[in-house]
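[1] output the structure for:
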Amino acid sequence: MKQMSKGMMMQMQMSGAEQQMEDMEMLRQILDNLVDFSIGQEDLMKDFKGIDMNNPTYSSKLKKQSVLRENFIHIDDSLYALALRTPQITDMVTKKLTDIEFNIDKSLERLAENQIVQGSANQQYTVTGSNDLAYLLSRTLDQMQSSMSASGSKGKSGSNEMQLPDIIKKQEEL
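    You can find the predicted model right below:
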């Protein structure tokens, strides 16, 4: 009976470690995608700051903003799912996601109405929120890795990373 109990405890610990490894890997992937999103948003924000609404490329840049918004929705979905499984980040992540969503929607709305200054301001808030969220996730990942190494487990090197297009494809399949 004691051996069976000990075996079950070891199995539960291994399952918990595997779950934490999956969470760490998912967090790493989300963090990569979030940084890519933030860089894309910042580049687009710079483009909008130096453009006149009568410029023929204005509409293509507006479309890029819409694509960035769609990409963020996939990051948001993945991050929200992870936050539900990782209680230490749930509240902060949910608040940051809400702020970013609001500002990216507002920037798209204002830029579509040719309010470039106000739209660019919302883009700036989006970039700042994304960077803050990336910093939070990076710290969380570091803490998770520290706790894994403290418990004697070593993380794998991230050879099986899924990038945003892969995540979008999997979500479409679902």
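[2] and for I104, the neighbour number?
    Using other CB atoms under 10 Å, I104 has 26 neighbouring residues. The C-beta positions use only the backbone N, C-alpha and C, and glycine is treated the same way.
[3] let me know the secondary structure of it.
    Using DSSP: H, G, I helix; E, B strand; the rest coil, the structure places I104 in helix.
[4] look up the pLDDT of it for me, please.
    The score at I104 is 96. That number is its pLDDT.
[5] that one and Q145, how far apart?
    Relative to Q145, I104 is positioned 30 Å away (criterion: CB to CB, to the nearest Å).
[6] ok, A112 next?
    Using CB to CB, we find A112 at a distance of 42 Å from Q145.
[7] pick out whichever of these two has more residues nearby.
    Q145 (17 against 13).
[8] what about the helices in the chain?
    All helices of the chain, identified by DSSP state H, fall at 2-49, 58-85, 90-112, 116-150, 164-173.
[9] where among these is average confidence lowest?
    Within those, confidence is poorest for helix 164-173, with a mean of 64 (mean pLDDT).
[10] starting at the chain centroid, how far to stretch 55-68?
    22 Å (CA atoms, centre = their mean, to the nearest Å).
[11] which parts of it are buried?
    Residues of stretch 55-68 classed as buried: 58, 62, 64-65, 68 (neighbour count, 16 or more other CB atoms under 10 Å).
[12] for L141, state which of these is nearest.
    L141 lies nearest to L68 out of the buried residues of stretch 55-68, by CB to CB, at 23.5 Å.
[13] hmm, that closest one is touching F37, no?
    Yes. In this structure L68 lies within contact range of F37 using CB atoms under 8 Å: 6.6 Å.
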